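Novice: Based on what follows, work out the 3D shape:
(chains A and B)
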Amino acid sequence: MKRKLTPRFLIIGLVLTWAIWAIWPTFQYQNLSDNEIESLREEGKLQQIESRMIKQGLDLKGGMYIVLEVNLPILLENLAENKDSKFNRVIASVQNQLIQSPESDFFTLFTSATNESNLKLSRYYYDYGSSNSAILTSLGDEADDAINRVLEILQNRIDQFGVAEPTIQKQGNRRIIVELAGVQDSERARTLLESTALLEFYLVKDITVTNDIMVKIDQAVKGDKSITAITKAASQVKTEEPVKGDDETVSVSELFGDTENSESESDANISEEAQLAERPFSTLLRNLGQSIGVPEKNVYAVKKILEQPEVREKLAAVGGAFLFSHKAEEYPLVDGTVETMYNLFLVEDEAELTGGVVDEAKANLGQQGSSSAGQPIVNLSMNTDGARKWSIVTGSNVGRQVALVLDKKVHMAPNIKEKISGGGTLIEGFADINEAKDIAIVLRAGALPAPVDIIEERVVGPSLGADSIRRGTQSVLIGLALVLVFMVVYYRISGLIANFALIWNIILVLAVLASLQATLTLPGIAGLILTVGMSIDANVIIFERIREELRKGKTPRAAVDGGYDRALTTIIDANVTTVIAALVLMQFGSGPIRGFATVLFWGILISMFTAIFVTRTVFNSFTSRKGLSKLSI
Amino acid sequence: MRIIKDTNIDFMGQRKLSALLSAFLISAGVISLVMNGGPKLSIDFKGGTLVSVQYSEPMNVTAVRSSLSDVNIEGQSFDFSREEIKHFGSNSAVLIRVPHIENAPHNFAQKIVDHLYESFPGQVPESKTAFILGKGTVSPKIGSELSGKAIMAIISALGLILLYISIRFEFRFALGAIAALGHDVLITLGIFSLLGNEISLSIIAAFLTIVGYSLNDTIVIFDRIRENVKSSKRESYVGVVNRSINDSLSRTIITSMTTFMVVFVLWLFGGEVIHNFALAMIIGVIVGTYSSIFIASPIVVKLHENATK
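Specialist: This is a model prediction of the structure:
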């Protein structure tokens, strides 16, 4: 009986052709130099290759992985109108509960909190419906919509930033995963992603109002034990600061003429500790003439004080808010040392103008002759609506200070010299031109509807990534070579057939991964190793069976047939259990585990195909030859 | 070539001895686990911050530790000197692990990197990019979700496997296979706990690989038992199981050997990132092979004896 082998060879040939076609882009990419990749990117051909190749995970290649989550409490706060203390309390309690039990759902907590405290949502969200349940539903929709907009904006930012192979995808309803493989400057990328890009223009409050409020804050927190502990801790961190009484950087209250405490403050011998007890807030600050300075070491304490409920009440009463400057600067002290300080501004609590009016933003170096000559700046132009508002604001506030605020940090606070009618303005206060460029990108891409929190961040440095992939690949190849050699030594020609099947198996798995556009990670490699093991095992089971049959005195052909038949159930039972495990892990597992399961699932299916179908075909083509009396096994 | 000639080893006769050995290994691991308060979970599950940096010359861990006793981040002072600080791969690379801190300063991991960079001027590479080997921050939120999902996945996978083996074989085989799996994972966990290695996501992947491998190994032997039970009615059950193990012994040895070769090379040369992962697999291959013969099969015999009594 001559078996028809031609259709079998045809199937094998087709599958092999497909596999090589599928794996080609990956192979091509591996052999490109960095320069070639750059030129292909410029020609727009890189996209084609990238869309069909296996990506390397961060654990192998280096780069960064970030999981962002939309901050729902703040989103709801932003959407609410006429917020009052009752509303704030509800939001705060939900935020606390989220810290206690991080896995609970925000809307569930928010719903129960509103019910408990009898909060009428229609007071704050009258645009969203009349009953609480209707409002909650449309707020839920709003949140879903927000995440989609965030996704779009982040995509836009990353595109403009220009990084190879970005992956950005939604996970569930609230999260976005960004993977930037091979990114060198992870800090820049992080800032770019995290920035809400909310640009606001605030008027700075009068110095007398500022002075007044500081006195009130001092009184409000005086004697508060928790505050005393924090301010004490801050004052003990004094390594570079001189402890001179006649320091030029005098306490702010001194300069602004604190009337109520005038006797005590004129006393130059008063100890720092007593000052702290008397004026816990203003003692932490320094007078910088035009503005208020906060030494770096005091920032935490100042922020803590500003978070106190009673302090917030005092600020709300005058309709003001304190904002820090974007970066710290070094200020020379009278004794020749320098101190790094942030600036603190008291601004109106309502912004005059927000970033929605920005038409175009460009990073530049400041022109010669201007105050910002040679400094990195961002040029803004506004749309007509924005330009009109801006001219009204500037026109009616000539002489006042206006703060340009990005993500609640003051970049600059110039005095308005005259009415600005063209809608053009510029932002200063960047550390370098790269920062200005990134700010221009985020301003162009638009502000996020709500701030995002980074809830997971992983950065693998390029050196570690390169090292791990080099050594990982090398050792996998060495291990593989050892197995291949062993199989030939042990099973002779049959071993060669098994090796052929094994290499086939690996190529096919990689081909499937490439067409799934999967990312190969460390757990994925684990899956591949297990696949190799399973594939070898299937062949070993078959060969040992064939040997048994041969020992019983069967002819080569009968032995091969018998061996395959008897091995088949074993292989299927052993593999099906593993496939079940792989399928379950694909369903429930997250990220890396899913990667492992995907490789394993396809690997086992393919190894069953190669072991049962491919090697069988090769064996049959041997045994169907006439006169074969010995099998090399 | 043949390594294993026709053997006739009385495996089942050793089952008391093997039960003792396994009990010893498991209890050593479990005692260590209990004393350490459970497995040492990585930040993947617990949340926290991990930073690893590369100095340009060998560093003394004690020096790094004392430099971390007072880290000032924007006026907030932290003492990390009691956290886990150790060499990472070579003795010029250092790894620091800090548990999750509520309301941690913004960009916390980078602030630690900055502190480490500035504390030892002259002993660091010129660029900070080359200095950072890796850093990661995971919020406990992600961690607890992950643990929940992982447990869910493992329970449902085990349930389905139990079901499949019960249908294809008999229920007692399913129990034997699951017991062998539990045995393997417990021993590997125990050894990891004794060595003080932490359980990260990729170690979980290694555990799953062990599970897959051990299961495969067990099923191959079970399959032989099923076949031999059908063909020889007169032989005792223990005898059939023994013969089945002997029949498939050559396959067991060769498969274990080849897999061992791959993971051993990976362990030896694979680099720091892959090291613990490969270690888990090495333990798994050895324990998995052992448990198919000495745990899964004796349980099947024992359950059979109980049923026929």
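Novice: gap between stretch A:19-27 and the chain center?
Specialist: In terms of C-alpha atoms, centre = their mean, to the nearest Å, the centre of stretch A:19-27 is set 31 Å apart from its chain centre.
Novice: Repeat that for stretch B:130-138.
Specialist: Relative to the centre of its chain, stretch B:130-138 is centred 24 Å away, using C-alpha atoms, centre = their mean.
Novice: which parts of that stretch are buried?
Specialist: Buried residues in stretch B:130-138, counted by 16 or more other C-beta atoms under 10 Å in any protein chain shown: B:Phe131, B:Ile132, B:Leu133, B:Gly134, B:Lys135, B:Gly136, B:Thr137, B:Val138. Every residue, glycine included, has its C-beta placed from N, CA and C.
Novice: Tell me which residues are up against it.
Specialist: Contacts with stretch B:130-138, where a contact means C-beta atoms under 8 Å, 6 or more residues apart in numbering or on different chains, come from A:186, A:454-464, B:43-44, B:46-55, B:88, B:93, B:100, B:108-110, B:112-113, B:117, B:124-125.
Novice: got the CA positions of that stretch in PDB?
Specialist: The C-alpha trace of stretch B:130-138 is given here as PDB (Å, rounded to 0.1, in the frame of the first residue of the first chain):
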ATOM      1  CA  ALA B 130      23.500  55.000  32.500                       C
ATOM      2  CA  PHE B 131      23.200  55.200  36.300                       C
ATOM      3  CA  ILE B 132      19.600  53.900  36.500                       C
ATOM      4  CA  LEU B 133      19.400  50.200  35.900                       C
ATOM      5  CA  GLY B 134      15.700  50.200  36.700                       C
ATOM      6  CA  LYS B 135      13.100  51.700  38.900                       C
ATOM      7  CA  GLY B 136       9.500  50.900  39.600                       C
ATOM      8  CA  THR B 137       6.700  52.100  41.700                       C
ATOM      9  CA  VAL B 138       3.500  50.200  42.100                       C
END
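Novice: For B:Val220, give its distance to chain A.
Specialist: Separation of B:Val220 from chain A (C-beta to the nearest C-beta, to the nearest Å) stands at 6 Å.
Novice: Contact partners for residue 199?
Specialist: Here I'm looking at chain A. Per C-beta under 8 Å, 6+ apart, neighbours of A:Leu199: A:Thr354, A:Gly355, A:Val358, A:Leu404, A:Val405, A:Leu406, A:Leu443, A:Ala447.
Novice: could you do chain B instead?
Specialist: Neighbour list for B:Ile199: B:Pro39, B:Lys40, B:Leu41, B:Ser42, B:Phe45, B:Leu189, B:Phe192 [criterion: C-beta under 8 Å, 6+ apart].
Novice: longest helix of the chain?
Specialist: Reading this off chain A. Secondary structure of chain A per DSSP state H: the longest helix is helix A:462-515.
Novice: that's the wrong chain, I wanted chain B
Specialist: Per DSSP H, chain B has its longest helix at helix B:201-231.
Novice: so when I look at B:Thr137, I'm seeing a strand, right?
Specialist: Yes: per DSSP: H, G, I helix; E, B strand; the rest coil, B:Thr137 lies within a strand segment.
Novice: any idea how far it is from B:Asn91?
Specialist: 26 Å (C-beta to C-beta, to the nearest Å).
Novice: Likewise for A:Thr167?
Specialist: Distance from A:Thr167 to B:Asn91, by C-beta to C-beta: 36 Å.
Novice: gap between stretch A:87-104 and the chain center?
Specialist: Taking mean C-alpha positions (C-alpha atoms, centre = their mean), stretch A:87-104 and its chain are 23 Å apart.
Novice: right, is that stretch up against chain B?
Specialist: Yes: Stretch A:87-104 reaches chain B (C-beta under 8 Å from any C-beta of the partner chain) through A:Ile99, A:Pro102, A:Glu103.
Novice: What average pLDDT does that stretch get?
Specialist: If you average the pLDDT over stretch A:87-104, you get 81.
Novice: before we move on, back to that, report the buried members of the contacts of stretch B:130-138.
Specialist: Looks like those have A:186, A:454-464, B:43-44, B:46-55, B:88, B:93, B:100, B:108-110, B:112-113, B:117, B:124 buried, using 16+ other C-beta under 10 Å.
Novice: that older thread, tell me the angle of the helix or strand following the longest helix of chain B relative to helix B:201-231?
Specialist: Downstream of helix B:201-231, the first helix or strand assigned by DSSP states H and E is helix B:237-247. Counting by axes from the mean of the first three to the mean of the last three C-alpha atoms, to 10 degrees, helix B:237-247 lies at 120 degrees to helix B:201-231.
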